[in-house]
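Peer 1: could you work out the structure for the sequence below:
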Amino acid sequence: MFKKNKIIGSLIIILLFSSYSKLSAQTNTLYYMNGVHQSLFLNPAYQSDCNFTLGLPAISGINIAFDNNAFSYNNWFQKSNNSPDTLIFDFNNVKDNLRKNNYVNFTTAVPIIDLGFWIRNSYFTFSITNKTDVAFSFPYELVELAIEGNGNYIGADNPLVIDNFGSNSMNYHEFAFGLSKQITHRLFLGARLKLLFGTTNIDSRNSEIKITTDQDTYAIGIDTDIDLNLSGPFTIVRDSAGLIQDVQIDDSNPLSYALTAGNLGLALDMGATYKFNDHFDFFGSVTDLGFINWGKNVINLTQKESYKFTGLSLDSIGTNYDEFNAILDSLDRFTKFKESNLDYTRMLNAKIFLGATYSPADFMNFGFLSKTTFIGSSITQAFTLSANFHPVKWFSGSLSYTAASGKYNNFGLGMAVNAGAFQIYMLTDNLNSALWPKDAKSIAVQVGLNLTFGCGKRDDYSIINNKKLRKDVDFL
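Peer 2: Purely as a prediction, here's the structure:
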């Protein structure tokens, strides 16, 4: 019995939380911080006005983001009516605040090196980044079953189907080569080709559990179709009969996994900036459009089982354990998984950005940004309004408001200070999360330091009135 509980517990941890990996999100506020080199990660059409930009390992811009549409602290815990100093877990409040499809997404990006430089009228970039994207989704019915049971799903034609749940979590190294070029005096185009090396992946999204309750006898039928793919420092532990007993994380040689190069992938970022006139600019970009083929240190675990529970007679309780043991033997099948070692391919969580700015003066503009993120079969949406200003050469800032994850009080702040060759910047989309943490559903923070040289000397290639780049046909 101990072995059964052990393997079930291990798989639940992997299926539901997958927190061994780390989330690659930039803050939305960064999109219109044109003085910050890292904004090209959101729109590769960005062009710096500095001849050379150098980002150092880690300190050039670590970003951390957490986003979910399912819960906040106040959704989970409430003060007791009988004892105001006591907190209680409010199951019904949790259920009432869920949506049909719920997600939790956590990402980080840690830079290793980041370069930006001009060669004539082309802006080149190169970066190496360690990225992690942890995405977990679960349906409303899963929580409803845990709280209310299966009473709402009686009859063969009214089964409870639990799908679209699980995780697609990955850690990988990204080598990115970028180019941005001004095509006409109005149009800028950019792209970043990214070579990916995957280190760890946990994918269980293609799993399904079906529960049927007979309307006459209330016998419960359970059908499972579990599909779990692992790549990384995982070890299968078997019992004396050769059956899978446990799934463990192998931390004996973490450096070998961190430097692995056996899981190859490709991705592409594309972006465009169009200067309509002196006041309006339009932007569009697609990032993380790509995949990783997982073929090294791969473990595939699958299970297709059916079970029908008709009940337990009162006579067998305390007197005859045969019936009880027969049920346990039948349930034992749900700890049995088939194992293989087949390659598989998984897509990255692609993102689409569309936006525009209005500039009433040279030193400021107002922006609108739409961000659409694809997480497996789920789609998340965020909208950001911003006021961006650059009153002096050494300072730029941004104030933003974002509607996302069912929350409409996400206020952001961005600042960048240039002191000689040093540029220090800080951005967040969720200043309110620090002020009201108990209501927070999302947080995105990015801080960094860049070294910049030869800034303010690229006007010959960047301003809209540059006669060298004017075309006879002005429809662009």
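
Peer 1: wait, isn't A45 in contact with V286?
Peer 2: No - under the criterion of CB atoms under 8 Å, A45 makes no contact with V286, lying 11.4 Å away. For every residue, glycine as well, the C-beta is placed using N, CA and C.

Peer 1: joint contacts of those two?
Peer 2: G271 (CB atoms under 8 Å, 6 or more residues apart in numbering).

Peer 1: which one's more surrounded, these two?
Peer 2: In terms of neighbours (other CB atoms under 10 Å), A45 is the more surrounded of A45 and V286; the figures are 26 against 19.

Peer 1: G290 pairs with what?
Peer 2: Per DSSP bridges, residues listed as beta-bridge partners of G290: A267.

Peer 1: so how far is L195 from it?
Peer 2: Between G290 and L195 the distance is 10 Å, computed by CB to CB, to the nearest Å.

Peer 1: the two: which has the busier surroundings?
Peer 2: For G290 versus L195, the count of surrounding residues by other CB under 10 Å is larger for G290: 18 against 15.

Peer 1: sorry, back to before: joint contacts of G290 and L195?
Peer 2: Once CB under 8 Å, 6+ apart is applied, the residues that G290 and L195 both contact turn out to be 265-266.

Peer 1: so which residues of the stretch 101-250 of the chain form strands?
Peer 2: In the stretch 101-250 of the chain, the strands defined using DSSP state E, counting those that start in this stretch lie at 101-119, 122-139, 160-162, 166-182, 187-203, 208-213, 220-231, 234-238, 244-249.

Peer 1: which parts of the stretch 351-476 of the chain are strands?
Peer 2: According to DSSP E, counting those that start in this stretch, the stretch 351-476 of the chain carries its strands in the segments 351-361, 364-375, 378-392, 395-404, 407-419, 422-428, 442-455.

Peer 1: would you turn the ones you listed into JSON lines with mean pLDDT?
Peer 2: As requested, these are arranged in JSON lines below (pLDDT from 0 to 100):
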{"stretch": "strand 351-361", "mean pLDDT": "95"}
{"stretch": "strand 364-375", "mean pLDDT": "91"}
{"stretch": "strand 378-392", "mean pLDDT": "89"}
{"stretch": "strand 395-404", "mean pLDDT": "90"}
{"stretch": "strand 407-419", "mean pLDDT": "86"}
{"stretch": "strand 422-428", "mean pLDDT": "91"}
{"stretch": "strand 442-455", "mean pLDDT": "86"}
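
Peer 1: stretch 392-406: which residues count as buried?
Peer 2: Buried residues in stretch 392-406, counting neighbours by 16 or more other CB atoms under 10 Å, are found at 396-398, 400-402, 404-405.

Peer 1: likewise for stretch 161-177?
Peer 2: Applying a neighbour-count criterion of 16+ other CB under 10 Å, the buried positions in stretch 161-177 are 162-174, 176.

Peer 1: make JSON lines from those residues and add distance to A272 and pLDDT to it.
Peer 2: Converted to JSON lines, those look like this (distance: CB to CB, whole Å; pLDDT from 0 to 100):
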{"residue": "I162", "distance to A272": "42", "pLDDT": "79"}
{"residue": "D163", "distance to A272": "37", "pLDDT": "78"}
{"residue": "N164", "distance to A272": "33", "pLDDT": "71"}
{"residue": "F165", "distance to A272": "37", "pLDDT": "76"}
{"residue": "G166", "distance to A272": "35", "pLDDT": "77"}
{"residue": "S167", "distance to A272": "34", "pLDDT": "80"}
{"residue": "N168", "distance to A272": "29", "pLDDT": "78"}
{"residue": "S169", "distance to A272": "31", "pLDDT": "84"}
{"residue": "M170", "distance to A272": "28", "pLDDT": "87"}
{"residue": "N171", "distance to A272": "30", "pLDDT": "90"}
{"residue": "Y172", "distance to A272": "26", "pLDDT": "92"}
{"residue": "H173", "distance to A272": "28", "pLDDT": "93"}
{"residue": "E174", "distance to A272": "22", "pLDDT": "94"}
{"residue": "A176", "distance to A272": "18", "pLDDT": "97"}
